[in-house]
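**Student:** Requesting a structural model of the entry that follows:
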Amino acid sequence: MNAGPADESARLPSGSGRLDTVLGGGLPRHGIILLIGQPGSGKTILAQQYVFHNATVEAPAVYMSTVSEPLEKILRYGQSLRYFDPAALGRSVFYEDLGQIINDDGLPGVLARLTELLQRRRPSVLVIDSFKALQVYAGDPGDYRRFLHEVAGRLSATPTTTFWVGEYDGVRLSEAPEFAVADAIMALGTHRDSVRETRFLQVLKLRGSTFLSGAHAYRLSPSGLEVFPRLVDPLNTVGYGQDSERISSGIEALDLMLTDGYWRGASTLVAGPSGAGKTLLGLHFVYAGAQRGETGVIATFQENPVQMEHILQGFSWSIDDPGVELMYRTPNDLYLDEWVYDLLATVERTGARRVLIDSLGDLRASSGDEQRFHEYMYSILQRFARAHISAIFTQEVPELFGITRVSEYGISRLSDNVLLLQFLRRDSEIKRAMTVLKTRGSAHQQQIREFEITRAGITLGGRFQGDLSLS
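**Tutor:** Here you go, the predicted model:
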């Protein structure tokens, strides 16, 4: 579903703008919210995030722990989070341990204590953690359903937003009676791909409201849950417009092969084996723009700032150029979703007109899902095209000679231009060669051109003559 306009007064904010975007503006107030997921998925962290973000002296919050996790442990870990305000304890935030009441009086005791707290505290937010743990204290399924009915009835008579927290992982929506009572269900979980883990949040139910469907990546941080909504751009031609301006690749001879450079806002895939010069070709493009007063962003996983500075100095460029920003991220423990939001924020902050992404292979390895990777790349390309931002992506191919394909992920079909760098054998030498395979909406020279890497960067020579060995 797509999120639509929401009445802010009828919504409970989370303190995270992106999470509220997923929820169509926030959770509906005065409802019952189920937070479900595996142990360690962040349910308690998110519940307390809602507590501290919304509690006031006039409309306090109550956090009730049952028998799943000791209250002392909840408080100890909660104090390490930035939103945890010790001054709020006993004033606007109240913690209650129901463990002894449950053991002594069972579910009737829980119901009595809940009723008392609702009358005395009149909370705007109430959390029961873990709610699922209460089920074992019911004599039979009928007793538990009657308990649910009584709890829901008392809550519906008060202006309270209630969170039931529990480890319902693997339970189908039709199996647990709590799911039928709940107005909203949010599931937190972890996807494992080899040694890499990615956390995902999904809205399973949101009564009377629209929301963003699908799995949304998130991280647990000292600020709580950092959510990265699934970025999917629908097919839409509105806002693209026509831009007939041509911009230089930074290599004069390549501009001639491209018929006077790239179109403004075009995307270019540069494919080739390791050491062929893909990164250098992208650097030519970014620094040529900086010389024209166009800010550029170099988003790389291959070289850290020290390594990049060493490369740049070899070609008389500088990492301190005010017109170029380096966005380095290690490919280890990389979240594709988080990286995309970082990139878009960096481009917006710097006003960048040229972007180099080096390389697609590292991004694909971080996604764990080829469809998810393809969706994100499509969305990036569409957003850049609408903003007339020109981008170069590099892609390493496995073959050193005899290249049979330039991209394994369908990016070549999305790209406006495709450049192939390769090694060719001639006599007893290995030569570097460049070919323009594709330029969308434009003619180009279909030649295999030799090039060299010198202190001046990439220097194109003439076209190869005669037979060449590709293997």
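**Student:** Would you state the strands of the stretch 101-250 of the chain in chain order?
**Tutor:** Secondary structure of the stretch 101-250 of the chain (DSSP state E, counting those that start in this stretch): strands located at 125-129, 161-166, 184-193, 196-206, 216-221, 224-228, 246-247.
**Student:** Those into JSON lines, with extra columns for mean pLDDT and distance to A456?
**Tutor:** (Each C-beta comes from the backbone N, C-alpha and C, glycine too.) JSON lines is the format used below for the strands of the stretch 101-250 of the chain (pLDDT from 0 to 100; distance: least, C-beta to C-beta, whole Å):
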{"stretch": "strand 125-129", "mean pLDDT": "96", "distance to A456": "64"}
{"stretch": "strand 161-166", "mean pLDDT": "96", "distance to A456": "63"}
{"stretch": "strand 184-193", "mean pLDDT": "88", "distance to A456": "43"}
{"stretch": "strand 196-206", "mean pLDDT": "90", "distance to A456": "41"}
{"stretch": "strand 216-221", "mean pLDDT": "93", "distance to A456": "43"}
{"stretch": "strand 224-228", "mean pLDDT": "94", "distance to A456": "41"}
{"stretch": "strand 246-247", "mean pLDDT": "93", "distance to A456": "20"}
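**Student:** Turn those strands into JSON lines, columns for distance to G15.
**Tutor:** Below are the strands of the stretch 101-250 of the chain laid out as JSON lines (distance: least, C-beta to C-beta, whole Å):
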{"stretch": "strand 125-129", "distance to G15": "12"}
{"stretch": "strand 161-166", "distance to G15": "14"}
{"stretch": "strand 184-193", "distance to G15": "15"}
{"stretch": "strand 196-206", "distance to G15": "15"}
{"stretch": "strand 216-221", "distance to G15": "12"}
{"stretch": "strand 224-228", "distance to G15": "7"}
{"stretch": "strand 246-247", "distance to G15": "42"}
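**Student:** In TSV, list these along with mean neighbour count and distance to L312.
**Tutor:** Shown next, in TSV, are these (neighbours: other C-beta atoms under 10 Å; distance: least, C-beta to C-beta, whole Å):
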stretch	mean neighbour count	distance to L312
strand 125-129	25	52
strand 161-166	26	51
strand 184-193	18	34
strand 196-206	19	31
strand 216-221	19	31
strand 224-228	22	31
strand 246-247	19	21
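**Student:** Minimum distance to L118: which of these has it?
**Tutor:** Nearest to L118, of all the strands of the stretch 101-250 of the chain, is strand 125-129, at 7.6 Å by C-beta to C-beta.
**Student:** could you dump the lowest-mean-pLDDT helix or strand in the chain to PDB, C-alpha only?
**Tutor:** Scoring the helices and strands of the chain by mean pLDDT, DSSP states H and E places helix 411-414 at the bottom, with a mean of 76. Extracted C-alpha coordinates of helix 411-414, given in PDB (Å, rounded to 0.1, in the frame of the first residue of the first chain):
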ATOM      1  CA  ILE A 411      22.000  -2.800 -14.700                       C
ATOM      2  CA  SER A 412      23.200  -2.600 -18.300                       C
ATOM      3  CA  ARG A 413      19.500  -2.500 -19.400                       C
ATOM      4  CA  LEU A 414      18.800   0.300 -17.000                       C
END
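**Student:** So what touches it?
**Tutor:** Identification of contacts with helix 411-414 by C-beta atoms under 8 Å, 6 or more residues apart in numbering yields 267, 269, 271, 360, 377-378, 381, 393, 395, 406, 418, 438.
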